[in-house]
Every structure is written in structure tokens, then in C-alpha cells.
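Trainee: after the sequence you'll find the predicted model.
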2 protein chains.
Amino acid sequence: MNIGTASQRSGVPAKTIRYYESIGLVRSADRRANNYRDYSDRDVETLRFVARARKLGFSVKQCSVLLALWHDRGRASHDVKAVALSHVEEIDQRIAELESMRRLLVDLTARCQGDSRPDCPILDDLAGSRVTHSQRSAAGESGSIPPCHAVAGARSASRSSARSAPSRGGGRSLRRAVSRSS
Amino acid sequence: MNIGTASQRSGVPAKTIRYYESIGLVRSADRRANNYRDYSDRDVETLRFVARARKLGFSVKQCSVLLALWHDRGRASHDVKAVALSHVEEIDQRIAELESMRRLLVDLTARCQGDSRPDCPILDDLAGSRVTHSQRSAAGESGSIPPCHAVAGARSASRSSARSAPSRGGGRSLRRAVSRSS
DNA sequence: ATTGACCTTCCCAATACTGGAAGCTCTACC
DNA sequence: GGTAGAGCTTCCAGTATTGGGAAGGTCAAT
């Protein structure tokens, strides 16, 4: 079947299918005489697998690992579970960060009159004129600005000092997107 | 002061300061005779403002709006509050998405033995062999694959149908990053 | 004079796609 | 047979927000 059909059946946009092929997440599709990609039902199943994993928030890299495990008939469910659990940890961290932000924002907005006058605790806080409220110090006044998605969400439980999730370093296992140096 | 000093005092990396300048988030710094950027204490305050706003999860675009309001002595606190509240809504959506994923993942991992055998409910679920568990349908089987950060997290409260936060369409107000066509 | 720290610009990497242009192929219709 | 329109191909660029690094100019101290 053509890429358009595979797209419809898998729910993955044709462009994205090509992208997945280019980065090596899915194998290169067979080509027909006219150079059109040719997909089998198995290919569609693979795409659906990826689509579901992505919906669960797995990164493309993690999808690649999961796909390999899926295709490996001799896998140990332990390995799959490990990937999933590590992903849950990442999600927990992100949730903790977001909830920390949320708490602060809600606090600030609650104290903002929201009228036509210019006085605003939100701006005051952002400007650093610290009024007496404890939250600001809880937001991690750590001095340096971590890159947003890595904001020190530390305070999830009690600051446990040892940051467990690696997630940062790590060689990219997926083939790089087509380089024009070939 | 030089960019390095401004960076230390504001907590914003020098590279990021240059980036903020390039996109027009902060005004172009004065230059000294040697072409070095020259920052004032006011500039540092602005950078700290941005840093705090970023820590609260505001996008650079939102930071730009907040900065403008901050500098506008005649602003209405209502306008500031609106930005903040809309941001809280976004955060709520993202939390809801993450929690929805989390629920599913935790359910799946709980049912996975995690031993050396290959049987794995996680892979089964991803493969689409749907065993009887209700959650799958809760993940939004919406047919098409939205781009991850825009996953239909709808169910934040009770689906209120009218999505208030714009954030999506909308001309980018910030000057584009330096184009080499100049 | 030289060293080392700092500054400049420019390009590339990462994430996970999405959009569009230019051009080829297929199908249907007249 | 010709043509229109849909679908396919590749390649380039853009999204948001930095971080890394190269090549080269500047400054302060030795």
C-alpha cells in the first residue's frame, strides 16, 4: 500500500512516517517501480505501535528501544518494565516541576487584585521585590538558570539531594537524520 | 559591565543573553568602543525578571508581554493577571496530560511481571492487542497523532469545550532571530 | 611579548515534527 | 491523446530554547 494508506491506517501522518524512516526508527520501506514507498500490514502495525508509545509520552529514542524489545521474541519483560518505570519517573519529575510552578502562580494571582490599577504582586515578584511570602524561596533560588525543562523541581518530596534520573547525558543511539554529507 | 558580569549577576548564561537580544526579548545592549556589549544595573534587573518568569514556565513570548507590562507604568493589574491565569491553564493542561499518561503506565507496569520471561502486558498494549482494561480508552483514542506537546489533554476539569487559551495561532510578535540574509 | 581570560560572530546539535516548493506519477475524464 | 487533480518524491526551512564549539579580536597581567 502507498504511504497515504499506511498513514490513514496507522494514524501517523505521511510526513511523520518519512521522518521516522529518515531517523531510522522504522525500517526503510520497500520501493515500487515508480519509487513510491510500499507498506505491508506489518509495517502499519509497527507504526501503530509507535503511535501508541508516543501517546504515552515515550520519546522517539525510547520508542526505538521498545520496538526492538517488541521484535525480540526472547526479551525479558523485566527490560520492558524498566523502560516504562524510568519513563514514569521522568513524568513524575515533570509533574512535580509543573505543580511547583502552579502553586507559585496560583498564589501570586490570588493576591493580585486584577483591576485597572497598576499595582501587581505578580510583577513585583518577578521583579524581585520580595514581599513576605514563603513560596519564592521554595522555587529553587539556585543561582543559575537551568534550561526550563530541567528546572529544579527538587521539592517533590523532601529534597533528596541525589538526583536519580540520568536522562541527560547519553549517546544518541538513533542514526542521525539524513546528512547531506553522503 | 561586560556580558560575563551581567550573566553572573542575573543568572542568565551569556549565550542566552545574546539569544534574548537576537530575538528582541531584551533591547540590544549598548556597545563600547571595542564592540563589547555594555550592561547597566537596569539591564541586569530586566534579565533577572526574565529569568524568574522563565522559571515559572512562561514562554519567551509571554515574558515579552510581561516585560512590556512591567515597563508600562500605566498598566492594569488585570492584564498581568490574565497572562498569569492563562499560563496556569496551560500548566493545568500539561499536568492533566502527564497524569493521564502516568495512570496508564502505572497500570501497565503493575500488571507486568518484570521477570525473565517475554510475556509483557506493556508491549501487548502498545501492540494494540487490547486486553480488558478500561484505561486505554481514556488516553484519547482520537485517531490522529497530535504533536506530543499538543496532545488533547482536554479532560482537565470537565471538558469545557471552549478552549480559552489561544497560545496556538497568532503571529509571532517577536522579531525573528538574526537572518543571514541581511 | 606572551599568555589566558574574555569578547565577538557564525554555524551546528538537540526534540519531534510540520509546511512548502519543485517536480514526477497515477487515475479519471473528455 | 490531453489535461486536471491527487498523490508521491526529495530537499530546505522553521518551530522554541538553549548549549557547544570554531575562528578570531581584545584586554589585563606577567
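Mentor: That came through fine.
Trainee: could you use CA atoms for every contact and neighbour count after this?
Mentor: Will do.
Trainee: can you list the domain ranges for chain A.
Mentor: A:3-71, A:77-156 (automatic domain parsing).
Trainee: comparing those, which yields the minimum mean pLDDT?
Mentor: Note on those: lowest mean pLDDT is at domain A:77-156, with a mean of 76.
Trainee: tell me which other helices or strands the longest helix anywhere in chain A touches.
Mentor: Ordering each helix of chain A by length in residues (DSSP state H) puts helix A:77-111 first. Secondary-structure packing of helix A:77-111 (3 or more Cα pairs under 8 Å, 6 or more residues apart in numbering or on different chains; DSSP states H and E): helix A:60-71, helix A:121-127, helix B:77-111, helix B:121-127.
Trainee: next, the buried residues of the first one.
Mentor: Spelled out, it's helix A:60-71. A:60, A:62-67, A:69-70 (16 or more other Cα atoms under 10 Å in any protein chain shown).
Trainee: can you narrow those residues to ones near chain B?
Mentor: A:66, A:70 (Cα under 8 Å from any Cα of the partner chain).
Trainee: what does chain A have sitting close to DNA strand C?
Mentor: A:13, A:15-16, A:19, A:33-34, A:54, A:58-61, A:172, A:176 (Cα under 7 Å from any atom of the strand).
Trainee: check contacts around the spatially most distant residue from the centre of chain A.
Mentor: No residue in chain A sits farther from the centre than A:R117, which is 40.2 Å out by Cα atoms, centre = their mean. A:R117 sits next to B:74-78 when contact means Cα atoms under 8 Å, 6 or more residues apart in numbering or on different chains.
Trainee: now with 10 Å?
Mentor: B:73-79 (Cα atoms under 10 Å, 6 or more residues apart in numbering or on different chains).
Trainee: tell me the SS of it?
Mentor: Under DSSP: H, G, I helix; E, B strand; the rest coil, A:R117 falls in the coil class.
Trainee: okay, the domains of chain A in a markdown table with distance to B:I23 next?
Mentor: As requested, the domains of chain A are exported to a markdown table (distance: least, Cα to Cα, whole Å):
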| stretch | distance to B:I23 |
| --- | --- |
| domain A:3-71 | 29 |
| domain A:77-156 | 17 |
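Trainee: now those domains as JSON lines including distance to DNA strand D?
Mentor: Listed next are the domains of chain A as JSON lines, based on distance: least, Cα to the nearest atom of the strand, whole Å:
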{"stretch": "domain A:3-71", "distance to DNA strand D": "3"}
{"stretch": "domain A:77-156", "distance to DNA strand D": "5"}
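Trainee: how far is the longest helix of chain A from where the chain is centred?
Mentor: 11 Å (Cα atoms, centre = their mean, to the nearest Å).
Trainee: for DNA strand C, give me its nearest residue in chain A.
Mentor: A:S59 (3.3 Å; Cα to the nearest atom of the strand).
Trainee: count of residues packed around that residue?
Mentor: 15 (other Cα atoms under 10 Å in any protein chain shown).
Trainee: is it true that A:F58 touches A:V50?
Mentor: Yes. With contact defined as Cα atoms under 10 Å, A:F58 reaches A:V50; the gap is 9.1 Å.
Trainee: and these two? Which one has more around it.
Mentor: With neighbours defined as other Cα under 10 Å, A:F58 and A:V50 compare such that A:V50 has more, 27 against 23.
Trainee: what about the helix or strand encompassing the more buried one, near chain B?
Mentor: If you go by DSSP states H and E, A:V50 is part of helix A:41-55. Yes. Applying Cα under 10 Å from any Cα of the partner chain, one finds helix A:41-55 in contact with chain B at A:45-55.
Trainee: by neighbours, which of those residues wins?
Mentor: Ranking the residues of helix A:41-55 next to chain B using other Cα under 10 Å puts A:V50 first, with 27 neighbours.
Trainee: so who does that one touch?
Mentor: A:10, A:12, A:20, A:25-26, A:44, A:56, A:58-60, A:62-64, A:66-67, B:126-127.
Trainee: at 8 Å what do you get?
Mentor: A:63, A:67, B:126.
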